[in-house]
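Enquirer: model the structure of this input:
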Amino acid sequence: MSMMDQDILKVLYTQEEIAARVKVLGEQMYEDFKGKNPLFVSVLRGAFIFMADIVRACQVKSDVEFIAVSSYGNATTSSGAVQITHDIQQDISGRNLVVIEDILDSGNTLSFLKQYFLTKGAASVAICTLLDKPSRRTKVITADYIGFTVPDEFVVGYGLDYCQKYRNLPYIGVLKPEVYSGE
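Expert: Residues are numbered from 1 along each chain as shown. Alright, predicted model coming up:
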């Protein structure tokens, strides 16, 4: 047991369950994108582990990019204002993009990014999210590929963090409220 495990209330998805779901998503994307040379765009930092696994599971000729945005800071809820802190480095005109995100929560970030990429000339923008939390949605947006639908609890692990910690847990767990509420 690691020191981080002590802060976890319960495990929602094990390492094995995540791997099995990623394999299924990769197979679905393979069918949808074979012959299309998609550009996978990871939303940093939370999606980097998921992105690595997805691009390996989806065996199509593709390219990868990274974009960093901020709407949370160290808070547990989105501020609603999305800022790009690191932009993609290539022309996306006419490209089929697959935005890889760790969690679709309020929808602010993905709604912003989808419009941003379409404005920059992307032919299409598909969204793949590891976790979907529809109970928190404030924007009308849905993902094309969803790993798991999660309840309205604070989740960490497999790339998801709280104050930049817990990303390296191999599973997705619910963080104990006392960890983030300052009690």
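Enquirer: only alpha carbons, please: show the top helix by length along the chain as PDB.
Expert: When the chain is parsed with DSSP state H, its longest helix is helix 15-33. Only the C-alpha atoms of helix 15-33 are listed here, as PDB (Å, rounded to 0.1, in the frame of the first residue of the first chain):
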ATOM      1  CA  GLN A  15      -6.000  -1.200 -13.500                       C
ATOM      2  CA  GLU A  16      -7.400  -4.300 -15.300                       C
ATOM      3  CA  GLU A  17     -10.800  -2.700 -15.800                       C
ATOM      4  CA  ILE A  18      -9.200   0.400 -17.300                       C
ATOM      5  CA  ALA A  19      -7.000  -1.700 -19.600                       C
ATOM      6  CA  ALA A  20     -10.000  -3.700 -20.900                       C
ATOM      7  CA  ARG A  21     -12.000  -0.500 -21.600                       C
ATOM      8  CA  VAL A  22      -9.100   1.200 -23.300                       C
ATOM      9  CA  LYS A  23      -8.700  -1.900 -25.600                       C
ATOM     10  CA  VAL A  24     -12.400  -1.600 -26.600                       C
ATOM     11  CA  LEU A  25     -12.200   2.100 -27.200                       C
ATOM     12  CA  GLY A  26      -9.000   1.600 -29.300                       C
ATOM     13  CA  GLU A  27     -10.800  -1.000 -31.400                       C
ATOM     14  CA  GLN A  28     -13.800   1.300 -32.000                       C
ATOM     15  CA  MET A  29     -11.500   4.200 -33.000                       C
ATOM     16  CA  TYR A  30      -9.600   1.900 -35.300                       C
ATOM     17  CA  GLU A  31     -12.800   1.100 -37.200                       C
ATOM     18  CA  ASP A  32     -13.800   4.800 -37.300                       C
ATOM     19  CA  PHE A  33     -10.400   6.200 -38.300                       C
END
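Enquirer: would you mark the buried spots in it?
Expert: 18, 21-22, 25-26, 29, 32-33 (16 or more other C-beta atoms under 10 Å). Where C-beta positions appear, they are placed from N, C-alpha and C, glycine not excepted.
Enquirer: quick one: distance of it to the chain centre.
Expert: 14 Å (C-alpha atoms, centre = their mean, to the nearest Å).
Enquirer: which residues sit against that helix?
Expert: Contacts to helix 15-33, defined as C-beta atoms under 8 Å, 6 or more residues apart in numbering, come from residues 13, 38, 50, 53-54, 56-60, 62, 96, 98, 126, 128, 130, 145, 147-148, 158, 170-172.
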